[in-house]
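*Asks:* take this sequence and fold it.
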Amino acid sequence: RAVTTTAPTTAARARTARRMTTATRAASLSAYLPADTYHSLPKDGDVTFLHTMVRASNLEATMAFFSALGLVETRRKESQNGKFTLVFMASCQGAPEIEITYNWPDEATGETETFAPPSRSMGHLAFAVDDIYAKCEALEKAGIVINRPPRDGRMAFVISPDGISVELLQKGDALEPREPWKSMANIGSW
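*Replies:* Next comes the predicted model:
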């Protein structure tokens, strides 16, 4: 006798929907995590994406960059013993997060952590925005270089203070190409 089962994607969606509280659902379409992230997630057999960690050489500059993109601080942890600060940022409480790790300078020498040049193996982070032209204009006003302008009304790239490439994508259909974006040249690489 054949056994019919529901497709895993349907079952996974149903479990995710049950996890979300009404307040979290209202906050964002992407809000699928409870406010305390993984502590209260049920053991349901799913693998749940939580966050991506990026290192910061200047915590304030990195937070300002992600704030300009539209992210907000969702939580923070400071470790006196480990001498580091973790700042979590997301589009809203409960959405997938970016964990910004800042290792404190050496107390004796004042030296800070040095990073190798960004690796192409990281690729990029990606965020969808309501109006790519308005977002890029706001980023420029905040002093952020638009490395790949949204010439096509669909996609742009910017770089964080520590060299992390960030892709911005237009929600829905591409916007009609317009100036000054459609004739802007790329700046550097991303």
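
*Asks:* C-alpha only now, for contacts and for neighbours.
*Replies:* Noted.

*Asks:* let me know the next secondary structure element after the helix or strand of the chain with the lowest mean pLDDT.
*Replies:* Ranked by mean pLDDT, DSSP states H and E, the weakest helix or strand in the chain is helix 22-27, scoring a mean of 38. As assigned by DSSP states H and E, the chain's next helix or strand after helix 22-27 is strand 51-55.

*Asks:* the very next helix or strand once past that following strand packs against which elements?
*Replies:* Next along the chain after strand 51-55, taking DSSP H and E as the criterion, comes helix 59-69. Judged by 3 or more CA pairs under 8 Å, 6 or more residues apart in numbering; DSSP states H and E, helix 59-69 is in contact with strand 97-103, helix 132-141.

*Asks:* what residues does helix 59-69 touch?
*Replies:* With contacts defined as CA atoms under 8 Å, 6 or more residues apart in numbering, helix 59-69 is touched by 56, 72, 89, 100, 102, 135, 138-139, 142, 144, 160-162.

*Asks:* let's have those residues in TSV, adding neighbour count.
*Replies:* Converted to TSV, these look like this (neighbours: other CA atoms under 10 Å):
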residue	neighbour count
Ala56	25
Val72	18
Met89	24
Ile100	23
Tyr102	22
Lys135	18
Ala138	14
Leu139	19
Ala142	13
Ile144	18
Ser160	17
Pro161	18
Asp162	16
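
*Asks:* can you tell me which of those lies closest to Leu169?
*Replies:* Closest approach to Leu169 among the contacts of helix 59-69 (CA to CA): Lys135, at 10.3 Å.

*Asks:* A helix includes Thr112, no?
*Replies:* No: using DSSP: H, G, I helix; E, B strand; the rest coil, the assignment for Thr112 is coil, not a helix.

*Asks:* measure how buried it is and give me the count.
*Replies:* 14 (other CA atoms under 10 Å).

*Asks:* same question, Phe65
*Replies:* Number of residues near Phe65 (other CA under 10 Å) recorded here: 20.

*Asks:* distance of it relative to Gly163?
*Replies:* For Phe65, the distance to Gly163 (CA to CA, to the nearest Å) stands at 11 Å.

*Asks:* repeat for Lys171
*Replies:* Separation of Lys171 from Gly163 (CA to CA): 25 Å.

*Asks:* in the sheet, who's paired with the residue nearest to the spatial centre of the chain?
*Replies:* The centroid of the chain falls nearest to Ile98 when counting by CA atoms, centre = their mean (5.1 Å). On the basis of DSSP bridges, Ile98 is bridged to Thr52, Met89.
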